[in-house]
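*Asks:* Requesting a structural model of the entry that follows:
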Amino acid sequence: MEKRYSLKNALLCTFRALVIFFVYLFISSLISFLVGTLAKVFNQGLDEAKLGELIDTLSIPSMIIAYIATVFVFVIIYFSLKKNLFTSVKLGKVAPIFVCDSALLGLGFYGLFQATVWGFSYIAPKWVENQSAQSASIFGAGMVVAVIYTVFIAPVCEELVFRGLILGSLENKMPKIVAVLISAVLFSVIHLPSQIALIYTFIFGLLLGFVYLRTKSLATTIAMHAVFNASNYLLYIPKKIGFYAVIILALPLIIYSVIDIIVRTRRQK
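*Replies:* Residues are numbered from 1 along each chain as shown. Next comes the predicted model:
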């Protein structure tokens, strides 16, 4: 029997999702603005070029602070509603096999992403330059901070917001494909201004939404997201061994992981 959805409930939940998204954007923008302002106040003797370099260096630490502040704000909001944020977003126990499948899917998608970037280097080289510049900015504060940000902080906080809060609030109020599309679009928007990032994060958002709905756990999407980000560091393997390895393994890993998740979740029903 086909499930009926209320248009009013769907619109209200979409509005709620947008509020969550803009709260996330507001906190991120506010922290970045405050860090930039403080840098200017305490370094008035620097010329504009060096001040710009300093602000770029502080961009990732400021994002780490913004992510932590965002989670804290939502914890307080849910506490005021007498709810547990982490229980509400399904951050609980899950079968280890689903975490492994999700991690492999993250690695496979990273290989597909690298193959796409390689293709764009021929048809849209300017897009690749923008993507490279955006990726390089992550390392402004050093390798250790970059690893903490990309592998630990960003995956946890972004999944909590975009899959746990946004997709979690939409999935039962509208067709699931529409809910996943909305969460994927919002997820991709935060990765502007890179055109390539806008495309691949939208597709990645669709995959993350699929995994979240199939496994009913945020732990799996965090693992998938963390492995995808961590795969960047495979490119530091000499002679591009890591680059070729992830591209060759991309499709087999994606196909295996998706099929295994579908089969195993069907068995559980």
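*Asks:* Find the residue at the geometric middle of this structure.
*Replies:* E158 (4.8 Å; Cα atoms, centre = their mean).
*Asks:* Would you mind naming the helix or strand containing it?
*Replies:* Assigned by DSSP states H and E, E158 belongs to helix 154-159.
*Asks:* what packs against that helix?
*Replies:* The contact analysis (3 or more Cβ pairs under 8 Å, 6 or more residues apart in numbering; DSSP states H and E) places helix 154-159 against helix 48-80, helix 218-230. Every residue, glycine included, has its C-beta placed from N, CA and C.
*Asks:* Can you list the low-confidence ranges for the stretch 51-200 of the chain?
*Replies:* Within the stretch 51-200 of the chain, not a single segment meets pLDDT under 70.
*Asks:* Which positions within the biggest helix by length in the chain qualify as buried?
*Replies:* As assigned by DSSP state H, the longest helix anywhere in the chain is helix 7-42. Using 16 or more other Cβ atoms under 10 Å as the test for burial, helix 7-42 gives 10, 13-14, 17, 20-21, 23-24, 27-28, 31-32, 35-36, 39.
*Asks:* One more: stretch 121-130?
*Replies:* Going by 16+ other Cβ under 10 Å, stretch 121-130 has these buried residues: 127-128, 130.
*Asks:* Straight-line length of that stretch, end to end?
*Replies:* 11 Å (Cα to Cα, to the nearest Å).
*Asks:* List of residues touching that stretch?
*Replies:* 117, 120, 193-196 (Cβ atoms under 8 Å, 6 or more residues apart in numbering).
*Asks:* Adding secondary structure and neighbour count, write the residues you listed out as a markdown table.
*Replies:* Output for the contacts of stretch 121-130, formatted as a markdown table (DSSP: H, G, I helix; E, B strand; the rest coil; neighbours: other Cβ atoms under 10 Å):
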| residue | secondary structure | neighbour count |
| --- | --- | --- |
| V117 | helix | 16 |
| F120 | helix | 17 |
| P193 | coil | 9 |
| S194 | coil | 19 |
| Q195 | helix | 15 |
| I196 | helix | 20 |
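*Asks:* Farthest-apart pair in those, please.
*Replies:* V117 and P193 (16.1 Å; Cβ to Cβ).
*Asks:* returning to that earlier point: just so I know, which of the helices and strands packed on helix 154-159 lies nearest V185?
*Replies:* helix 218-230 (16.6 Å).
*Asks:* on contacts alone, who are the packing partners of the closest one?
*Replies:* For helix 218-230, the packing partners by 3+ Cβ pairs under 8 Å, 6+ apart come out as helix 96-123, helix 154-159, helix 195-215.
*Asks:* Check which residues of the first one are buried.
*Replies:* So the one you mean is helix 96-123. By 16+ other Cβ under 10 Å, the buried positions in helix 96-123 come out as 98-99, 101-115, 117, 120.
*Asks:* now stretch 62-81
*Replies:* Neighbour count says stretch 62-81 has 62-67, 70-71, 74, 78 buried, by 16+ other Cβ under 10 Å.
*Asks:* re earlier: and the longest helix of the chain, how far out from the chain middle?
*Replies:* The chain centroid and the centroid of helix 7-42 are separated by 16 Å, computed with Cα atoms, centre = their mean, to the nearest Å.
*Asks:* What lies in contact with stretch 25-37?
*Replies:* 55, 58-59, 61-63, 65-67, 69-70, 73, 190.
*Asks:* hmm, 10 Å instead?
*Replies:* 22, 51-52, 54-55, 58-59, 61-74, 186, 189-190 (Cβ atoms under 10 Å, 6 or more residues apart in numbering).
*Asks:* pLDDT of it, averaged?
*Replies:* Stretch 25-37 shows an average pLDDT of 89 in the prediction.
*Asks:* With stretch 215-232 instead?
*Replies:* On average, stretch 215-232 scores 96.
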